[in-house]
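[1] Return a 3D structure for these sequence lines:
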Amino acid sequence: MQAPSVGGVMLPRGNGETIRLSRGASLTDFAEKINANPASLVAVMMNLGEMVTATQSVSDETLQLLAGEMNYTVQIVSPEEEDRELLESFDLEFGEDEGDEEDLVVRPPVVTVMGHVDHGKTRLLDAIRKTNVIAGEAGGITQHIGAYQVATEVNEEERKITFIDTPGHEAFTAMRARGARSTDIAILVVAANDGVMPQTVEALNHAKAADVPIVVAVNKIDVEGADPTKVRGQLTEYGLVAEEYGGDTMFVDISAKQGLHIDSLLEAVILTADASLDLRANPEQDAQGISIESRLDRGRGAVATVLVQRGTLRVGDTMVVGDAYGRVRAMLDDNGNNVAEAGPSTPVQVLGLTNVPGAGDNFIVVDEDRTARQIAEKRAARERNAAFAKRTRRVSLEDLDKVLKAGEVQQLNLIIKGDASGSVEALESSLLQLDVGEEVDIRVLHRGVGAVTESDIDLAMGSDAIVIGFNVRAAGRAAQMAEREGVDVRYYSVIYQAIEEIEAALKGMLKPEYEEVELGTAEIREVFRSSKLGNIAGVLIRSGEVRRNTKARLLRDGKVIAENLNIEGLRRFKDDVTEIREGYEGGINLGNFNDIKVDDVIATYEMREKPRV
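    Below you'll find the model as predicted:
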């Protein structure tokens with residue numbers, strides 16, 4: 001049945017059917033699903049006010065707009081579902097143990113150490129590992145590979161534990177966000193002298209969100225002012241009740257620096273795993289797992305640390321990791337030793353991949369190199385299309401007035417980070433008291449103390465928020481991430497300045513910014529005296545051009561002698577001119593300013609309005 005024409009274009013009319021499309025699909029992909037001509041969909045989009053080519057990746061919103069116009073419903077397939085369908089097309093399946101119940105054997109628990117900064121996470125890992133990670137990170141044989149395995153004795157039986165050495169809960173959550181179930185148990189490190197701190201709570205919330213059992217390591221019991229009982233009391237408020245108080249969370253008092261009670265902590269991890277989890281896997285099937293971290297090595301190419309979750313990975317296997325693939329050329333353990341195979345819950349470094357995979361990418365072993373290449377290429381194309389379709393233009397203070405008038409937002413979302421909790425609270429309180437009418441509300445999504453992190457940028461991306469940094473800056477890769485994703489991050493050192501800018505933005509009164517642009521420089525070769533005009537500089541234009549009625553400053557021996565001067569007169573021989581270009585000579589009059597000497601330099605500039613990006 002033909003639809004009524006949309007802008008003169010006749011199209012098949014849907015009956016509310018659901019069309020499944022992947023992220024970053026094009027109009028051609030949509031047209032194939034409904035047996036329409038892609039060119040006609042382009043015409044429809046033009047009538048709807050959007051210029052889109054037939055093969056261009058478009059956003060989810062655009063697909064839904066088009067589908068609604070034609071009485072279809074679009075379902076955007078999630079990345080995880082898309083990946084599962086891709087593997088199923090090759091008769092592969094990720095995340096399932098093959099074989100019968102008797103094929104499953106007990107595997108070591110995988111543990112992540114989390115907690116507040118300076119509470120001793122790295123020193124604890126160091127103590128557990130019995131080698132100096134802190135010194136070794138500079139580049140020893142026991143190199144940092146992102147994960148390692150240790151053995152401990154529980155009930156006269158040797159048991160292994162795998163530790164993922166992530167830089168904190170941000171990486172832990174980034175991996176979880178990509179569908180990677182990487183951790184079985186979290187160790188929450190809390191200093192006995194400091195107690196529960198903001199990042200302790202943040203780490204605890206991340207662990208709870210991942211639904212993993214928690215073992216609490218109360219560190220620094222040897223430090224003056226240590227109070228392990230206080231820590232137990234504080235964590236009770238957050239739902240972690242110690243066993244001795246009738247709860248089910250194991251607390252272990254340790255000193256990572258002195259190496260006290262480390263064995264008890266490892267035993268607590270094993271006992272928690274045995275009580276709460278069924279940790280079994282089939283070591284006989286083809287290996288599957290996740291990438292923990294990866295890097296590009298100048299001599300060895302792409303090097304990825306992977307955690308085998310089920311099956312056994314062997315040298316010579318063909319594997320796909322995200323959009324990377326290759327035959328395993330060599331495997332190294334955390335001590336740099338070559339290993340021939342790695343079973344469930346074993347971390348190894350893998351050499352032989354075509355490129356560097358991302359943290360949290362799933363890996364799977366396949367029979368043929370050709371299959372691996374096809375899966376990797378399809379994953380890469382899918383990610384590329386999704387990236388092209390992503391809307392990187394987000395709300396910023398400059399275009400807030402425009403989107404308010406267009407009715408696109410009814411509230412301004414803010415994320416506030418500062419150097420001290422007092423200043424953050426003061427800034428939040430002042431902003432929430434701004435009264436700019438009923439059209440828009442201010443909402444503070446998150447506030448905290450410390451640098452702007454990737455976690456903050458993630459939150460801003462998902463909610464079109466503006467990030468305010470008060471006496472703090474973006475940390476590490478957060479600045480690059482903000483620029484790449486189009487997140488507006490504002491830095492302030494004076495509270496009222498932040499309040500004024502946001503109030504002005506809300507009222508649509510943000511003043512334009514100006515920047516200084518250098519036009520040219522002129523070297524004074526001779527000074528002429530004039531009773532009528534004062535001193536006139538005979539000059540040679542060294543660079544650029546000098547124009548009449550522009551600003552100038554005078555430099556003598558590289559130092560600025562006078563600022564904010566005007567080029568009031570400009571002559572070439574006997575003629576008045578408006579500009580003199582590089583390499584030519586001329587005469588310059590600086591108005592009432594006469595303190596000029598031979599070899600002085602006149603630098604001219606103008607103030608231009610800075611384009612708002």
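[2] For burial, what's the neighbour tally of residue 109?
    Using other Cβ atoms under 10 Å, residue 109 is surrounded by 24 other residues. (Glycine included, C-beta is placed from N, CA and C.)
[3] Was I right to think it contacts residue 185?
    Yes - between residue 109 and residue 185 a contact is recorded at 5.3 Å, counting by Cβ atoms under 8 Å.
[4] which neighbours do those two share?
    Residues touching both residue 109 and residue 185 by Cβ atoms under 8 Å, 6 or more residues apart in numbering: 269, 273, 277.
[5] Helices - which of these land there?
    Within the shared contacts of residue 109 and residue 185, residues falling in helices by DSSP state H are 269, 273.
[6] Which helix or strand in the protein has the lowest average pLDDT?
    The least trusted helix or strand in the chain, going by mean pLDDT, DSSP states H and E, turns out to be helix 133-136, with a mean of 41.
[7] Can you name the secondary structure element that comes next after that helix?
    Downstream of helix 133-136, the first helix or strand assigned by DSSP states H and E is strand 147-154.
[8] List the buried residues of whichever helix or strand comes after that following strand.
    In the C-terminal direction, the helix or strand that comes right after strand 147-154 (DSSP H and E) is strand 157-164. Within strand 157-164, the residues scored as buried using 16 or more other Cβ atoms under 10 Å are 159, 161, 162, 163, 164.
[9] Surely residue 258 and residue 223 touch.
    No - using Cβ under 8 Å as the test, residue 258 is too far from residue 223 to be in contact (10.1 Å).
[10] sorry, back to before: from the buried residues of strand 157-164, which is closest to residue 358?
    residue 164 (15.5 Å; Cβ to Cβ).
[11] Could you measure from the closest one over to residue 578?
    Residue 164 sits 68 Å away from residue 578, going by Cβ to Cβ, to the nearest Å.
[12] Endpoint to endpoint, stretch 581-592 covers what distance?
    Between the start and the finish of stretch 581-592 there is a gap of 24 Å, counting by Cα to Cα, to the nearest Å.
[13] List the buried residues for that stretch?
    For stretch 581-592, by 16+ other Cβ under 10 Å, it's 586, 587, 588, 589, 590.
[14] same thing with stretch 465-474?
    Going by neighbour count (16+ other Cβ under 10 Å), the buried part of stretch 465-474 is 465, 466, 467, 468, 469, 470, 472, 474.
[15] Identify the residues contacting residue 129.
    148, 150, 163.
[16] Which of the helices or strands spans residue 448?
    Using DSSP H and E, residue 448 sits within strand 441-449.
[17] oh, I was asking about residue 75
    With DSSP H and E as the test, residue 75 turns up in strand 73-77.
[18] who does that strand touch, helix- and strand-wise?
    Secondary-structure packing of strand 73-77 (3 or more Cβ pairs under 8 Å, 6 or more residues apart in numbering; DSSP states H and E): strand 18-22, helix 60-69.
[19] Just the CA trace of it, in CSV.
    Extracted C-alpha coordinates of strand 73-77, given in CSV (Å, rounded to 0.1, in the frame of the first residue of the first chain):
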residue,chain,number,x,y,z
THR,A,73,8.9,2.1,14.8
VAL,A,74,12.7,1.9,14.9
GLN,A,75,14.5,-0.3,17.5
ILE,A,76,18.2,0.5,17.8
VAL,A,77,20.1,-2.7,18.5
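[20] immediately after it, which helix or strand?
    Immediately after strand 73-77, counting by DSSP H and E, sits helix 79-88.
[21] And the contacts of that next one?
    So helix 79-88 is contacted by 22-23, 77, 93-94, 178-179, 362, 364, 375, 378-379, 382, 386 (Cβ under 8 Å, 6+ apart).
[22] With distance to residue 263 added, can I get the residues you listed in JSON lines?
    JSON lines is the format used below for the contacts of helix 79-88 (distance: Cβ to Cβ, whole Å):
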{"residue": "22", "distance to residue 263": "50"}
{"residue": "23", "distance to residue 263": "48"}
{"residue": "77", "distance to residue 263": "48"}
{"residue": "93", "distance to residue 263": "40"}
{"residue": "94", "distance to residue 263": "36"}
{"residue": "178", "distance to residue 263": "34"}
{"residue": "179", "distance to residue 263": "35"}
{"residue": "362", "distance to residue 263": "34"}
{"residue": "364", "distance to residue 263": "37"}
{"residue": "375", "distance to residue 263": "44"}
{"residue": "378", "distance to residue 263": "48"}
{"residue": "379", "distance to residue 263": "43"}
{"residue": "382", "distance to residue 263": "47"}
{"residue": "386", "distance to residue 263": "47"}
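[23] how about the helices of the stretch 401-550 of the chain, start to end?
    All helices of the stretch 401-550 of the chain, identified by DSSP state H, counting those that start in this stretch, fall at 421-432, 454-463, 478-485, 495-506.
[24] and among those helices, the most buried is which?
    When you average the neighbours per residue for each of the helices of the stretch 401-550 of the chain (mean count of other Cβ atoms under 10 Å), helix 454-463 leads with a mean of 20.
[25] helices and strands around that one, which ones?
    Helix 454-463 sits against helix 169-177, strand 411-418, strand 441-449, strand 466-470, helix 478-485, with contacts defined as 3+ Cβ pairs under 8 Å, 6+ apart.
[26] what packs against the shortest one?
    For strand 466-470, the elements it packs on are strand 411-418, helix 421-432, helix 454-463, strand 489-492, helix 495-506, judged by 3+ Cβ pairs under 8 Å, 6+ apart.
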